[in-house]
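> sequence first, then the predicted structure, then my questions.
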Amino acid sequence: MSLLVTDATLADGRVRDVRVEGESIAAVEESLDPREEDRILNAAGKMLFPGAVDPHVHFREPGFSHKETWGTGSKSAAAGGVTVVADQPNTTPPTISGEAFDEKEALAAESAVDFGISGGVTADWDPDSLFDRPLFALGEVFLADSTGDMGIEADLFADAVERAAEADVTVTVHAEDADLFDESARERDAGGTGRTADADAWSQYRAAEAEAAAVERAVEVGADSNADVHIAHTSTPEGVDAAKAGGATCEVTPHHLFLSRADATELGTYGRMNPPLRSEERRAAMWERLVDGEIDAVATDHAPHTRAEKDVGLWEAPSGVPGVETMLPLLLEAARKGEISYERVRDVTAANAAEIFDLPSKGRIEVGADADLVLFDPEESREIRGEDLHSNCGWTPFEGMGGVFPETTVVRGRVVYENGSFEDVSGENVRD
Ligand SMILES: NC(=O)N[C@@H](CC(=O)O)C(=O)O
Ligand SMILES: [Zn+2]
Ligand SMILES: [Zn+2]
């Protein structure tokens, strides 16, 4: 199969024709002649980006198919322009052994987009069999409990980092120090359930200081073993600065860029996640660090839970929000408004994660790269609505905000999504 995308505007403003042969990009030229067998995608007036690489999703299988499946999660990814996802280990069973990895990989055959599977660490892990598998990364390694209660002790963390360094696998870290959580915040909870709860008490509880302290520890341990450390979902400028000072890479989620404690009261438990929403001032500082180039990548931490699970009190509700379908749309909307450049959006959603996680064929529109592509009309902004999205959870914390959504998403040369419809194709493990 061959595909010819004509007159596409690239992130840097160049207008190009792009020819796809098989799974790869074969040519990027000012003008290419169509061949008889070509499927033509007329991109006049539209922009073409490399498919986004999201190194942090929770697609919930095995164990929690009522929240999300590889089928629904990956469709949500494709409809949002994400062509590679990396799944996290807090499933049931947790991905802490070779056997658990194999079980998850079999389920991931349902994925509409390419995927990676990361291995986790608990006191019961089996590093020998786990490192025998093609891990996307070791992590997220939980320094404090989050969904799945996989928080680990300092000694085990140091052992795990050493093992990962020996295996040349990047370690991704959920960096919060539970010793610095403010237990007194529980008393300041005003009550209520679901939307009527006030998630600000959650932000007070999992205090901002707890992040930088844990990041500092993680980068120190990483330096001792000469390991590659990547800090997951940094939510504070202090956390980012500690990561960069320690030589680590880091990511930020869309919810820490586009939401803050100012939204927590309205969101209620639907705004409860780890790390929690931060002050408006810290949110703005994160945005600055993203635009400046200090934050390496945007990753969604797509963590769906059902409405029934969220419609309880603040301290009983599970942590996490969905986001894989709205990351690129929110960033493209910000670019449309001139708040960030298209080139920077391209880099933080695709090229940088591909580089950090060693995916040389992903994340760029160049001859020889995988033909993972997203086509969109940069002026076509619409309201984000939970009911329009494809995640099984059916809600979004970004309800009512503007987004520029993909029209067409291509994974290794195959159109997987076009104007609301999916084609029945399956993704592959990026490490196979
Ligand atoms: N971020 C969250 O609040 N929740 C995540 C786990 C995690 O990434 O910590 C989940 O799996 O639900
Ligand atoms: Zn986490
Ligand atoms: Zn996560």
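That came in fine, so what should we check first? Ligands and ions are numbered 1, 2, ... in the order given.

> for residue 27, helix, strand, or coil?
The three-state label given to residue 27 by DSSP: H, G, I helix; E, B strand; the rest coil is strand.

> that one against residue 19, yeah?
Yes: contact criterion C-beta atoms under 8 Å: residue 27 and residue 19 qualify, at 4.2 Å. In this view, the C-beta of every residue, glycine as well, is placed from N, C-alpha and C.

> for the residue in the stretch 301-432 of the chain that ligand 3 sits nearest to, what are its contacts?
Minimum separation of the stretch 301-432 of the chain from ligand 3 (C-beta to the ion) falls at residue 301, amounting to 4.3 Å. Taking C-beta atoms under 8 Å, 6 or more residues apart in numbering, we find residue 301 in contact with 56-58, 232-233, 253, 255, 273, 320-321, 323.

> in JSON lines: those residues, plus pLDDT and secondary structure.
Shown next, in JSON lines, are the contacts of residue 301 (pLDDT from 0 to 100; DSSP: H, G, I helix; E, B strand; the rest coil):
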{"residue": "56", "pLDDT": "99", "secondary structure": "strand"}
{"residue": "57", "pLDDT": "99", "secondary structure": "strand"}
{"residue": "58", "pLDDT": "99", "secondary structure": "coil"}
{"residue": "232", "pLDDT": "99", "secondary structure": "coil"}
{"residue": "233", "pLDDT": "98", "secondary structure": "coil"}
{"residue": "253", "pLDDT": "99", "secondary structure": "coil"}
{"residue": "255", "pLDDT": "99", "secondary structure": "helix"}
{"residue": "273", "pLDDT": "98", "secondary structure": "coil"}
{"residue": "320", "pLDDT": "98", "secondary structure": "coil"}
{"residue": "321", "pLDDT": "99", "secondary structure": "coil"}
{"residue": "323", "pLDDT": "98", "secondary structure": "coil"}
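
> near ligand 1 too, which of the residues you listed?
Counting by C-beta under 6 Å from any ligand atom, 58, 273, 320 from these sit close to ligand 1.

> for the first one, give its distance to residue 261.
The span separating residue 58 from residue 261 equals 23 Å under the rule C-beta to C-beta, to the nearest Å.

> partners of residue 57 in the sheet?
For residue 57, the beta-bridge partners are residue 87, residue 302 (DSSP bridges).

> could you give the backbone dihedrals for residue 140?
Main-chain dihedrals, residue 140, degrees, to the nearest 10: phi -60, psi 130.

> gap between it and ligand 1?
If you measure residue 140 against ligand 1 using C-beta to the nearest ligand atom, to the nearest Å, the figure is 6 Å.

> ok, now which ones touch that residue?
Counting by C-beta under 8 Å, 6+ apart, residue 140 has contacts 56, 88-90, 118, 120, 172-174, 232.

> and with 7 Å instead?
Residue 140 sits next to 88, 172-174, 232 when contact means C-beta atoms under 7 Å, 6 or more residues apart in numbering.

> name the nearest of those relative to ligand 1.
Nearest to ligand 1 out of the contacts of residue 140 is residue 174 (C-beta to the nearest ligand atom; 5.1 Å).

> give me the number of residues near that closest one?
Neighbourhood size, residue 174 [other C-beta atoms under 10 Å]: 26.
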